[in-house]
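Student: sharing a sequence plus its predicted fold:
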There are 2 protein chains.
Amino acid sequence: MALLIVGSIGLDDIETPFDKIENALGGSTTYIALASSYFTGPVEILGIVGDDFPDSHMKMLENHNIDLDGLEVVKGAKTFRYGCKYHYDLNVRDSLFTHLNVFEKFNPVIPEKSRKSSFIILGNIAPQLQISVLNQLEKPKFVVCDTMNFWIEGAKNDLLKVLPRVNVLIINDSEARLLANEPNLIKAAHNISKMGPEYLIIKKGEHGALLFGNNMIFSAPAYPMENIFDPTGAGDAFAGGFCGYLHKNRDFSFDNLKRAVVYGSVMASFCVEKFSTKGLEDLSYLEIHNRFIEFRELSSFS
Amino acid sequence: MALLIVGSIGLDDIETPFDKIENALGGSTTYIALASSYFTGPVEILGIVGDDFPDSHMKMLENHNIDLDGLEVVKGAKTFRYGCKYHYDLNVRDSLFTHLNVFEKFNPVIPEKSRKSSFIILGNIAPQLQISVLNQLEKPKFVVCDTMNFWIEGAKNDLLKVLPRVNVLIINDSEARLLANEPNLIKAAHNISKMGPEYLIIKKGEHGALLFGNNMIFSAPAYPMENIFDPTGAGDAFAGGFCGYLHKNRDFSFDNLKRAVVYGSVMASFCVEKFSTKGLEDLSYLEIHNRFIEFRELSSFS
């Protein structure tokens, strides 16, 4: 059973108060795949790029044992491009441009060999596409789903059709408040649970993450980050660490989901330490394990 | 060694989206004293009220074994009064009025019997008064201090004289960012630690609390509150639970400070469940202990 990831792949221009970078590897699929690759395999991605997509990025992904058979390269077309600028406090970013390019016509068709993939991550794409992907799968065993304000506001009806089909919905706190139309985060979580997902994870950035399900709540701390270099992809790195860990051991108990949330937080913390995907390209198992231990020390009391 | 508390005592008019109340018992000292009274004794308070201060409030405090010998009642004068209105999301409040009344001339003089009190909580009053109180004490053993934006902006020089004399500074996240002039909370904490306090606690409301000191960090979760009835006094209830627990067992190790932070969070969670001080008036040891256990279950993983 492969871990199948569907989402965007792109080239980003990112500016922070510390530095700027152009044509950097970006997109939700990329961060999810890299973060999960440290835990499990095979990791298969479903995506689309233009022929301007650098070979070096392809090779780097392949070096992480990421299967690119499902990556369509459209000749004479351009890859999805996104530009943004972060402000001084890094919690606010301005989108500078969004050129969908080939991504505009993305119509994910799952290769025959992957249709039995029963562990799938639906990255942040149109709910309509998420439904289309789910419809191509034979009995998905575990479905993890991301979304964003844009779809909650613009495609809520479709999104509400996705949610009953997912095991875990991963969103951030402002998205949770918007989706539930409720400022109290705990009430919002209960409202969203009624929309169908078996479990709900609410990411709170510098304040950690909450896991809801089975009438239980788990509160994971955030890693104390003094130097956040580039927040881009942190949420996707979280999803990748979370899913990679779960896919590896196939234990869907609440206790193991808690550990997976912490591994997700670990990968997000590595992600933001460097620009673009650099923070996820050269990690060791020992570094990941040690940071997991740091998370435990940070929050344990008796 | 008594637990001595210096701060405000007042009468509040509070309006939330759920209800409104007038002439309710308020003030930092009140919340701190009530919360700490469940853990330890004797609890002594130093404060000032007018002769309009209801006897019923006096009796309720005395029923919690709070020593009111240091409470000055000024004849023909009015008690400090404060009015505020909370918005829908309860994170924003508008101050409606602040009538300092007798509090304007508050000049705390520690009774002779309490000058050897070596465990003191400096509630949120002018740093100048905090210094005056510290100067009256013979070798304070443990000093806990609160402050707020008003003093950070208007009396920073005085505040900077207080900080090297305190063991624990308790502030919220926006106050920490303001005091350190730094948006990153972890960097802000390091900057503030250099200002003198041995330990720093940053309260983050619905996101829990952070404890810094001895090159260690502890992240305490927040209790998942669905029904916050009145946020007034939550920070003071936190300080009271924290100090009451520490005063009881006199163990100032980091491990015990962590437990104290959780007991502070426990008392804050009870505080906001009812209007004014009502949530702190009728608790049992078992309720407090059980909620401590809930906090542990909420955040533990292995």
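Tutor: Yep, it's here. As the structure is a prediction and not an experimental result, all values here were calculated from the model.

Student: C-alpha from now on. contacts and neighbour counts both.
Tutor: OK.

Student: nearest residue to the most centrally placed residue in chain A other than its sequence neighbours?
Tutor: With distances taken as C-alpha atoms, centre = their mean, the residue of chain A nearest its centroid is A:D236 (2.5 Å). Excluding its sequence neighbours, the residue lying closest to A:D236 (C-alpha to C-alpha, 6 or more residues apart in numbering or on different chains) is A:I32, at 5.1 Å.

Student: what about the one you found, how many neighbours?
Tutor: Number of residues near A:I32 (other C-alpha atoms under 10 Å in any protein chain shown) recorded here: 31.

Student: circling back: can you verify the residue nearest to the centre of chain A is assigned to a strand?
Tutor: No: secondary structure of A:D236 (DSSP: H, G, I helix; E, B strand; the rest coil): helix, not part of a strand.

Student: and it, what does it touch?
Tutor: When contacts are counted by C-alpha atoms under 8 Å, 6 or more residues apart in numbering or on different chains, A:D236 touches A:28-29, A:31-32, A:123, A:268.

Student: A:F238 contacts A:M267, doesn't it?
Tutor: Yes: A:F238 is within contact range of A:M267, at 5.8 Å (criterion: C-alpha atoms under 8 Å).

Student: please enumerate the shared neighbours of those two.
Tutor: Residues touching both A:F238 and A:M267 (C-alpha under 8 Å, 6+ apart): A:A35.

Student: about what we covered before: next, format the contacts of A:D236 as CSV and append distance to A:L179, pLDDT and secondary structure.
Tutor: Shown next, in CSV, are these (distance: C-alpha to C-alpha, whole Å; pLDDT from 0 to 100; DSSP: H, G, I helix; E, B strand; the rest coil):
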residue, distance to A:L179, pLDDT, secondary structure
A:S28, 21, 96, helix
A:T29, 23, 97, helix
A:Y31, 24, 98, helix
A:I32, 23, 98, helix
A:G123, 17, 95, coil
A:A268, 23, 97, helix
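
Student: pull the most distant pair out of the residues you listed.
Tutor: Greatest spacing in those, by C-alpha to C-alpha: A:G123 and A:A268 (15.5 Å).

Student: between these two, who's got more neighbours?
Tutor: Between A:G123 and A:A268, A:A268 has the larger neighbour count (other C-alpha under 10 Å), namely 29 against 24.

Student: which residues of chain A lie near chain B?
Tutor: A:88-89, A:183-187, A:207, A:217-221, A:224-226, A:255, A:258-259, A:296-302 (C-alpha under 8 Å from any C-alpha of the partner chain).

Student: so which of these are in strands?
Tutor: A:217-220 (DSSP state E).

Student: would A:D13 count as being in a strand?
Tutor: Yes: applying three-state DSSP, one finds A:D13 inside a strand.

Student: can you pull the contacts of it?
Tutor: Counting by C-alpha under 8 Å, 6+ apart, A:D13 touches A:20-24, A:81-84.

Student: and those residues as a markdown table, adding neighbour count and secondary structure?
Tutor: As requested, the contacts of A:D13 are exported to a markdown table (neighbours: other C-alpha atoms under 10 Å in any protein chain shown; DSSP: H, G, I helix; E, B strand; the rest coil):
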| residue | neighbour count | secondary structure |
| --- | --- | --- |
| A:K20 | 13 | strand |
| A:I21 | 13 | strand |
| A:E22 | 13 | strand |
| A:N23 | 16 | strand |
| A:A24 | 19 | strand |
| A:R81 | 22 | strand |
| A:Y82 | 21 | strand |
| A:G83 | 18 | strand |
| A:C84 | 18 | strand |
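
Student: right, and the helix or strand after the helix or strand bottoming out on mean pLDDT in chain A?
Tutor: Averaged element by element with mean pLDDT, DSSP states H and E, chain A has its least confident helix or strand at strand A:93-99 (a mean of 91). Later in the chain than strand A:93-99, the nearest helix or strand by DSSP states H and E is strand A:119-122.

Student: contacts for that next one, please.
Tutor: Residues from elsewhere that reach strand A:119-122 (C-alpha under 8 Å, 6+ apart): A:1-7, A:130, A:140-146, A:243, A:247.

Student: which elements pack onto the very next helix or strand once past that strand?
Tutor: Using DSSP H and E, the helix or strand that follows strand A:119-122 in sequence is helix A:127-136. For helix A:127-136, the elements it packs on are helix A:156-162, judged by 3 or more C-alpha pairs under 8 Å, 6 or more residues apart in numbering or on different chains; DSSP states H and E.

Student: just to revisit the earlier point, show me the residues of chain A next to chain B that map onto helices.
Tutor: Per DSSP state H, helices hold the following members of the residues of chain A next to chain B: A:185-187, A:255, A:258-259, A:296-299.

Student: ok so, going back, ok, of the residues of chain A next to chain B, which come out buried?
Tutor: A:183-187, A:207, A:217-221, A:224-225, A:258-259, A:296, A:298-301 (16 or more other C-alpha atoms under 10 Å in any protein chain shown).

Student: what's the span of stretch A:30-50 from first residue to last?
Tutor: End-to-end distance for stretch A:30-50: 15 Å, by C-alpha to C-alpha, to the nearest Å.

Student: before we move on, what about stretch A:146-158?
Tutor: 14 Å.

Student: next, the buried residues of that stretch.
Tutor: Neighbour-count burial for stretch A:146-158 [16+ other C-alpha under 10 Å]: A:146-149, A:151-152, A:158.

Student: put the alpha carbons of stretch A:285-296 into PDB.
Tutor: Written as PDB, here are the backbone C-alpha positions of stretch A:285-296 (Å, rounded to 0.1, in the frame of the first residue of the first chain):
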ATOM      1  CA  TYR A 285      16.500   9.900  11.500                       C
ATOM      2  CA  LEU A 286      18.400  10.800  14.600                       C
ATOM      3  CA  GLU A 287      17.700  14.500  14.200                       C
ATOM      4  CA  ILE A 288      14.000  13.800  13.800                       C
ATOM      5  CA  HIS A 289      13.900  11.400  16.700                       C
ATOM      6  CA  ASN A 290      15.800  13.800  19.000                       C
ATOM      7  CA  ARG A 291      13.400  16.600  18.200                       C
ATOM      8  CA  PHE A 292      10.500  14.300  19.000                       C
ATOM      9  CA  ILE A 293      12.100  13.800  22.400                       C
ATOM     10  CA  GLU A 294      12.500  17.600  22.800                       C
ATOM     11  CA  PHE A 295       8.800  18.000  22.200                       C
ATOM     12  CA  ARG A 296       8.100  15.400  25.000                       C
END
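
Student: and that stretch, how far out from the chain's middle?
Tutor: The chain centre lies 20 Å from the centre of stretch A:285-296; the measure is C-alpha atoms, centre = their mean, to the nearest Å.

Student: contacts for that stretch?
Tutor: Stretch A:285-296 is contacted by residues A:38, A:221-223, A:262-263, A:266-267, B:301-302 when judged by C-alpha under 8 Å, 6+ apart.

Student: buried ones in it?
Tutor: Quick answer for stretch A:285-296 (16+ other C-alpha under 10 Å): A:288, A:291-292, A:295-296.

Student: now, which of the residues you listed sits nearest B:A176?
Tutor: A:F295 (22.8 Å).

Student: can you pull the pLDDT of that closest one?
Tutor: Looking at A:F295, its pLDDT is 97.
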